[in-house]
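# Sequence and predicted structure below; questions after.
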Amino acid sequence: MIRPHLEPSTLQRRDVLEEANRPIEHAYFPEDCLISVVAMLRDGKAVEVGMVGREGMTGTAIVLGNGEASNECRVQLEGSALRIPAAGLRELLPRSASLHAQFLRYVQVVLVQATQTALVNSHLTVEKRLARWLLMMQDRVGEDEFDLTHEFLAAMLGVRRPGVTVALHMLEGRHLIRSTRSHIGIRDRAGLEEFVASGYGIPEERYRRLFPGAGF
Amino acid sequence: MYKPNNKRYKNELLRRLSQEDLALVEPELVRCELPLRMMLENRNAPIEFVYFLEDGIGSIVAKIPMGRDTEVGLIGFEGMTGGALVLGDDQSTHECFVQLAGEAHRLPADQLRSVLSQSETLRPFLLRYVQALFIQTSYTALVNARSKLEERLARWLLMCDDRVVGDRLTITHEFLAIMLGVRRPGVTVALQILEGKGLIRANRGEIILRDRNGLIDLADGAYSEPEGEYRRLIGEIG
Amino acid sequence: MPRYFFHYRDGDRFKEDYEGELLSGIAAVEETAMASAKEIIAEGLLGGNPVLTGYSYEIHDEARNLVLVFPFSEAAEKPGVRP
């Protein structure tokens, strides 16, 4: 039902897909790109509150019935996505209850992701938050190696850049990752999961429960 | 003849339901007390009732095993519990319990599901509140990473004050510790910082807001954005 | 479990803890004081303040007996459980 409305698009790193308090133009369904949902204070202090890959979509404000974005959506890893204009999606939702229901279930996952981020930001060390972030990234990219600057990671985690360097060094010392300048490789996923413990996995579990068989 | 009446509710959502939706919901609503620490939702368990708060405060709390609880959502007379049901899930991921005693109108989860399927307008309306709550949670994640202790405290006090009539808050330090993500004894120290600035007076389990605007300035953007979004999505409060 | 009250002193200023909390004994009191002081010191540093070593917790039991004075300087200088 939605297929005829979808158009392919190529997304570049740092493209802004949604801006806070602005109308959303398109909802994106990533194929192999990765998108960050970023909450920002008016003085520019920011933190990532959600991550969207091929398992999800942007434009959740449209699904919730409102065309304005609350947070910023920024492309983190370039790649392709399918997109639908906001107006097209708005027309479609009332016509297909099952489509709307499916998208709302995904919003529930997004909400759980945000609550877990609030939790880990309050109680976990930068090392653990970084480990959680790398696991979430690997879930969505399916690869073990990423090109990431420390500056970018600092912006996502809401800490200063040198803190990321220290945290990466620490994860490396535990033989969980390999880190060179702007490149990170995951060496031991199980070890990372064990290190973060219950700081990781709750939104992922919810996703699998709401979308059984989705291969995520 | 039965005629639904929005005006009899203090809950902002019930007050704003259309006559048709209120007529569907009202016969199923039961008024109930919300004593301190009453569980409104259990973690990873089916939701039994949805509560539309009249007064008091409900708190959505996330947990890490062996770790401490963290506040991830605050609900008062402007809102409702059971957001997961509105999104089509039957379980809550987190606990929700009463942090300031009050009253609510409750609706069994099955009834809400049935009413949602009968009305084309009820779900879209309640989804607007779900979005407002989502924005609040995003900001909590943000300030937990980026804002100073006293800024976070100012934000929570303002958010509690918005949900309470009068300028006296009788919230426990135990609750404030969950909001701030610090141990309970540290709350006394944090309150003292705001007291030293002349913004509040903290006395015998009671906190009085002396300078609301000063607190808003101190919170430095951490307060007022989500509140503005609520007004945009739902409307003015009161 | 007994209830302990963590009053807080900053020079001449004294702030009473009216709520208190249940803890298993003096070891748990000391651990809580240490963890809480570390947390408050860390928050202070993140807020751009110097280390707040002039503060202390004065902890009383239910009978109002002083059971422990815990200067924040101990938390700045000694190891303890992670807050």
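Received the coordinates, thanks. Numbering: from 1, shown residues only, chains lettered A, B, ... in the order given.

# Would you list the phi and psi of the spatially most central residue of chain B?
For chain B, residue B:75 is the residue whose C-alpha lies nearest the centre (C-alpha atoms, centre = their mean; 1.2 Å). Backbone geometry at residue B:75, expressed as degrees, to the nearest 10, gives phi -130, psi 130.

# Just the pLDDT for residue 28.
Since you didn't name a chain, this refers to chain A. On pLDDT, residue A:28 comes in at 98.

# look at chain C instead
pLDDT, residue C:28: 93.

# how close does the residue of chain C most remote from its centre sit to chain A?
Outermost residue of chain C with respect to the C-alpha centroid, by C-alpha atoms, centre = their mean, is residue C:48; its distance is 21.0 Å. Distance, residue C:48 to chain A, using C-beta to the nearest C-beta, to the nearest Å: 13 Å. No exception for glycine: its C-beta is placed from N, CA and C like everyone else's.

# picking that back up, pLDDT score for the residue nearest to the centre of chain B?
At residue B:75, the pLDDT recorded in the model is 98.

# How about it: what's its closest non-neighbour residue?
In space, and not counting its chain neighbours, residue B:75 is closest to residue B:58: 4.2 Å by C-beta to C-beta, 6 or more residues apart in numbering or on different chains.

# quick one, helices of the chain?
No chain in the question, so chain A it is. Taking DSSP state H as the criterion, chain A contains helices spanning A:60-63, A:86-95, A:97-123, A:126-141, A:150-157, A:161-173, A:189-196, A:202-210.

# my question was about chain C
Along chain C, the segments classed as helices by DSSP H run C:26-46, C:72-77.

# how about low-confidence regions in chain C?
C:82-83 (pLDDT under 70).

# before we move on, back to that, can I get the helices of chain C in a markdown table including distance to chain B and mean neighbour count?
Output for these, formatted as a markdown table (distance: least, C-beta to the nearest C-beta, whole Å; neighbours: other C-beta atoms under 10 Å in any protein chain shown):
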| stretch | distance to chain B | mean neighbour count |
| --- | --- | --- |
| helix C:26-46 | 4 | 20 |
| helix C:72-77 | 9 | 18 |
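
# just to revisit the earlier point, which ones are touching the residue nearest to residue B:75?
B:34, B:40, B:51, B:74-76, B:81, B:96-99 (C-beta atoms under 8 Å, 6 or more residues apart in numbering or on different chains).

# Look up the closest residue to residue B:119, ignoring the ones flanking it.
Using C-beta to C-beta, 6+ apart, the closest residue to residue B:119 is residue B:21 (5.3 Å).

# Which single residue of chain B ends up nearest chain C?
residue B:185 (3.6 Å; C-beta to the nearest C-beta).

# ditto for chain A
Closest point on chain A to chain C, by C-beta to the nearest C-beta, is residue A:125, at 8.2 Å.

# which residues does the closest residue to residue C:22 other than its chain neighbours contact?
Nearest residue to residue C:22, sequence neighbours excluded (C-beta to C-beta, 6+ apart): residue C:1, at 4.3 Å. Counting by C-beta under 8 Å, 6+ apart, residue C:1 makes contact with C:22-24.

# Mind putting these into JSON lines with neighbour count?
Below are the contacts of residue C:1 laid out as JSON lines (neighbours: other C-beta atoms under 10 Å in any protein chain shown):
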{"residue": "C:22", "neighbour count": "9"}
{"residue": "C:23", "neighbour count": "20"}
{"residue": "C:24", "neighbour count": "10"}
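
# Which ones among those residues map onto strands?
residue C:22 (DSSP state E).

# any weak-confidence spans in chain B?
In chain B, residues with pLDDT under 70: B:1, B:66-67, B:238.
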